[in-house]
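Asks: how would this look folded up:
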Amino acid sequence: MPADKKENLSAAEEKAAKEEAKRTRAKLEEEVGKFDIKKWDEIARWLQKQKRFESRSKQAPMYVRVGPRQEFSSVRQYMSGKNLTKIIASKPFTDKFGLTFTRENAEVLLCAMLAHDAPKADPKKNYGRRYLVQAEYAQSTPVVKLRLAGKANLSKTTIKLDQPYVWVFQGSLMWRHILLGTLVVIFLAACLFPVWPDFMKLGVWYLAVTLLLFLFAFFVARGLIFLVLWIAGYNFWIFPNVLDDDLPPIESFKPLYSFEPHAQSRSGWMYRISLGIVLFAMTYWVYVQPNAYHAQMLDEQRSFVDDLYSGKFLSDRSEAAADNLDEVIPDYEELLQEELADGELSEEDKLLNEILAEEELAAAGENDEVEDE
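Replies: All right, here's what the predicted structure looks like:
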């Protein structure tokens, strides 16, 4: 076949493919236009429950402009446009809803959600239910922060694959109201802690002590494991983001661990070798101690834990001393009795006793004269 005929055939095929894609897109737009509010909510809930949605979506603080300032709104879940189109064009979506989307025409559905073309949830309001909003990166390092897309970047007719899209659909708020009511009840119960029964107070004490011991053991083990592997030239952390205050609570426990080689340097290896020698010497010293030392150390640990759980770890002597302050500070008579019990008095004490005795006799004589008169 001549080359010009091949070019004409390929051009005809390309034109036919474009026409077919246009017809398919128009058909999908027609089908999407028939969705009612229940259908849209069903799609939104299905998207939220997908493993790919959970694994590829992230959380970041969202900022909104209030006057001349940008103020923090809340932590929101977001995903790139590329990942959203992949989910819509996936086989599970086709099996669930009977519509076949490709990555090229998935924006038909997403733009409808983005442009608020979904049917109005409340006829009195002039907008439909919100599912997605387009955002942009306000800050990418060290922590991602988002803001609403500006006019120059905003698009309601196409999905930008490299831009973040924030998921704002909340669905039913029943569980949120239940959790909020539970939180109020817990707060009131905490305020009434002084009138709790003793067994409940004891249970709270046991729970608090157990949590304290667990956290102490966890961070000690975490630090020791990091120290040993750091000496070997690696950085290994269990829950590396657990102490990061900028992350949401759930994100603080992701990933489970981090393991990566440390930067190589001569001075770094000198520090590692020195610390390794010290750590080995301390471990060997503990190992060579007699069995009696180990048994005593275990007994002390057991006694410490028993005192901690029994509430005897912090003594109440200071409170008892404050209640019996008059008994704690002795008067002169008590001091004199103690001196007599200890032995003979010194010359100064004898002289002081004579002076006090004379003063008492003189005072007694004056009282007698007053009575006679």
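Asks: okay, now the unreliable bits of the stretch 51-200 of the chain?
Replies: Low-confidence segments of the stretch 51-200 of the chain (pLDDT under 70): 64-73, 115-130, 170-173.
Asks: show me where it has its helices.
Replies: Under the criterion DSSP state H, counting those that start in this stretch, the stretch 51-200 of the chain contains helices at 51-56, 81-88, 91-97, 107-114, 174-191, 198-231.
Asks: hey, which of those is tucked in deepest?
Replies: helix 107-114 (a mean of 22; mean count of other C-beta atoms under 10 Å). C-betas here are computed from N, CA, C, even on glycine.
Asks: need the phi and psi values for residue 289.
Replies: Residue 289 adopts backbone torsions of phi -70, psi 150, taken as degrees, to the nearest 10.
Asks: how about the helices of the stretch 51-200 of the chain in TSV, adding distance to residue 277?
Replies: As requested, these are arranged in TSV below (distance: least, C-beta to C-beta, whole Å):
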stretch	distance to residue 277
helix 51-56	44
helix 81-88	50
helix 91-97	57
helix 107-114	61
helix 174-191	50
helix 198-231	10
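Asks: so which of those is nearest residue 39?
Replies: Residue 39 sits nearest to helix 91-97 of all these, at 8.4 Å, using C-beta to C-beta.
Asks: what's that closest one packed up against?
Replies: If you count contacts as 3 or more C-beta pairs under 8 Å, 6 or more residues apart in numbering; DSSP states H and E, helix 91-97 packs onto helix 37-49.
Asks: from the contact counts, what lies against the helix it packs on?
Replies: If contacts are counted by 3+ C-beta pairs under 8 Å, 6+ apart, helix 37-49 sits against helix 91-97, helix 107-114.
Asks: for residue 58, see how far away residue 250 is.
Replies: Noted for residue 250: a distance of 11 Å to residue 58, by C-beta to C-beta, to the nearest Å.
Asks: before we move on, what about residue 149?
Replies: Taken as C-beta to C-beta, the span from residue 149 to residue 58 is 17 Å.
Asks: could I get the full set of strands for the protein?
Replies: For the chain, the strands defined by DSSP state E cover 58-66, 69-80, 132-139, 145-148, 164-167, 234-238, 257-261.
Asks: would you reformat the helices and strands packed on helix 37-49 as TSV and include distance to residue 51?
Replies: Shown next, in TSV, are the helices and strands packed on helix 37-49 (distance: least, C-beta to C-beta, whole Å):
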stretch	distance to residue 51
helix 91-97	10
helix 107-114	19
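Asks: and the ones you listed: which comes nearest residue 157?
Replies: Closest approach to residue 157 among these is made by helix 107-114 (6.1 Å; C-beta to C-beta).
Asks: other residues contacting that closest one?
Replies: 25, 28-29, 32, 35, 40, 43-44, 81, 84-85, 88, 99, 101, 117-118, 131-134, 156-159, 165 (C-beta atoms under 8 Å, 6 or more residues apart in numbering).
Asks: how far out from the middle of the chain is that helix?
Replies: Centroid displacement of helix 107-114 relative to its chain, using C-alpha atoms, centre = their mean, to the nearest Å, is 34 Å.
Asks: and if you look at stretch 25-41?
Replies: Counting by C-alpha atoms, centre = their mean, stretch 25-41 is centred 40 Å from the centre of its parent chain.
Asks: now stretch 39-48
Replies: For stretch 39-48 - counting by C-alpha atoms, centre = their mean - the centre lies 29 Å from the chain centre.
Asks: which residue of residue 250 and residue 58 possesses the greater neighbour count?
Replies: The neighbour comparison of residue 250 against residue 58 (other C-beta atoms under 10 Å) goes to residue 58, with 14 against 9.
Asks: okay, now the residue nearest to that one when sequence neighbours are not counted: neighbour count?
Replies: Among residues not flanking residue 58 along the chain, residue 78 sits closest, at 6.1 Å (C-beta to C-beta, 6 or more residues apart in numbering). By other C-beta under 10 Å, 21 other residues sit near residue 78.
Asks: residue 78 and residue 231: what is the separation?
Replies: From residue 78 to residue 231 the distance is 40 Å (C-beta to C-beta).
Asks: just residue 217 next, same as before
Replies: From residue 217 to residue 231 the distance is 22 Å (C-beta to C-beta).
Asks: what does stretch 291-310 rub up against?
Replies: By C-beta under 8 Å, 6+ apart, stretch 291-310 touches 205-206, 209, 213, 313.
Asks: of those residues, which is the nearest to residue 268?
Replies: Using C-beta to C-beta, residue 213 is the member of the contacts of stretch 291-310 that sits closest to residue 268, with 34.5 Å.
Asks: pull the contacting residues for that closest one.
Replies: 305, 308.
Asks: that one and residue 86, how far apart?
Replies: 46 Å.
Asks: same deal with residue 221?
Replies: The spacing between residue 221 and residue 86, counted by C-beta to C-beta, is 40 Å.
Asks: repeat for residue 142
Replies: Taking C-beta to C-beta, one finds residue 142 at 28 Å from residue 86.
Asks: just give me the residue right at the centre of this protein.
Replies: The centroid of the chain falls nearest to residue 249 when counting by C-alpha atoms, centre = their mean (3.0 Å).
Asks: which phi and psi does that residue have?
Replies: Torsion angles, degrees, to the nearest 10, at residue 249: phi -50, psi -40.
Asks: tell me the confidence at it?
Replies: Looking at residue 249, its pLDDT reads 77.
Asks: buried stuff in stretch 233-240?
Replies: Residues of stretch 233-240 classed as buried: 236-237, 239-240 (neighbour count, 16 or more other C-beta atoms under 10 Å).
Asks: tell me the pLDDT of residue 211.
Replies: Residue 211 is assigned 91 on the pLDDT scale.
Asks: over to the one 5 residues further on?
Replies: Residue 216 is assigned a predicted lDDT (pLDDT) of 91.
Asks: equivalent analysis for the one 4 residues further on, please.
Replies: Confidence per residue is given as pLDDT, and for residue 220 that number is 92.
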